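Visitor: What shape does this take:
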Amino acid sequence: MEILGATLRICVDDLEASVPFYERLAGGQALRFERGSVSVAAIGCFLLMSGPPAELDVLRKVAATIAVKDVEEAHRVLTDSGARILVGPVTSPVGRNLIALHPDGSVYEYVDRRAGQ
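Guide: So this is what the prediction gives:
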C-alpha cells in the first residue's frame, strides 16, 4: 500500500471563524464540502470539521486521515495485517474512503483521491 500523506483532523465549534487562520497558516484556500450534517473545510494538511456535538464526538475518535493511492489495496493490506474495517470502502466527495481499527486500538480514515469510483 502506498501512503501519500496524512491530514490532521480538527473539530471546531465555529468553522467560519477558524478557516481564515488555517488558510493563512497553510497558504491556500479552503475546499469546502458537507458530509451529512457536518461542514468540512480542507486546507493544506488540515481538515476542519464542525457540526452537531454527537457527530463530532464520533469524528474525534479518528486520529488522522491517511491518503493512499488505492483504498481497495489499503483494505486488503489492513485486513491481512490484523486491522478491522469499521466503515467502507465508500465513495466520498473527493474519492473513496474507509475507517479502520488498528490492532493497537487506534482508528484511522484511509482515503484515495479517485473520485467517481
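Visitor: And stretch 78-87, what's buried?
Guide: Using 16 or more other CB atoms under 10 Å as the test for burial, stretch 78-87 gives 78, 83. Any C-beta I mention is one placed from the backbone N, CA and C, and that applies to glycine too.
Visitor: Can you pull out the low-pLDDT segments for this structure?
Guide: Where the chain drops to pLDDT under 70, the residues are 114-117.
Visitor: can you do 80?
Guide: 92-94, 113-117 (pLDDT under 80).
Visitor: Only alpha carbons, please: show the longest helix anywhere in it as PDB.
Guide: When the chain is parsed with DSSP state H, its longest helix is helix 15-26. The C-alpha coordinates for helix 15-26 follow below in PDB (Å, rounded to 0.1, in the frame of the first residue of the first chain):
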ATOM      1  CA  LEU A  15     -15.900  26.700  11.100                       C
ATOM      2  CA  GLU A  16     -16.300  30.200   9.600                       C
ATOM      3  CA  ALA A  17     -14.100  31.800  12.400                       C
ATOM      4  CA  SER A  18     -11.500  29.000  12.100                       C
ATOM      5  CA  VAL A  19     -11.000  28.900   8.300                       C
ATOM      6  CA  PRO A  20      -9.100  32.200   7.900                       C
ATOM      7  CA  PHE A  21      -6.500  31.200  10.400                       C
ATOM      8  CA  TYR A  22      -5.800  27.900   8.700                       C
ATOM      9  CA  GLU A  23      -5.900  29.400   5.200                       C
ATOM     10  CA  ARG A  24      -3.100  31.900   6.300                       C
ATOM     11  CA  LEU A  25      -1.200  29.100   8.100                       C
ATOM     12  CA  ALA A  26      -1.300  26.700   5.100                       C
END
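Visitor: Summarise which helices and strands the following helix or strand past that helix is packed against.
Guide: Under the assignment DSSP states H and E, the closest C-terminal helix or strand after helix 15-26 is strand 31-35. On a contact count with 3 or more CB pairs under 8 Å, 6 or more residues apart in numbering; DSSP states H and E, strand 31-35 meets strand 38-43.
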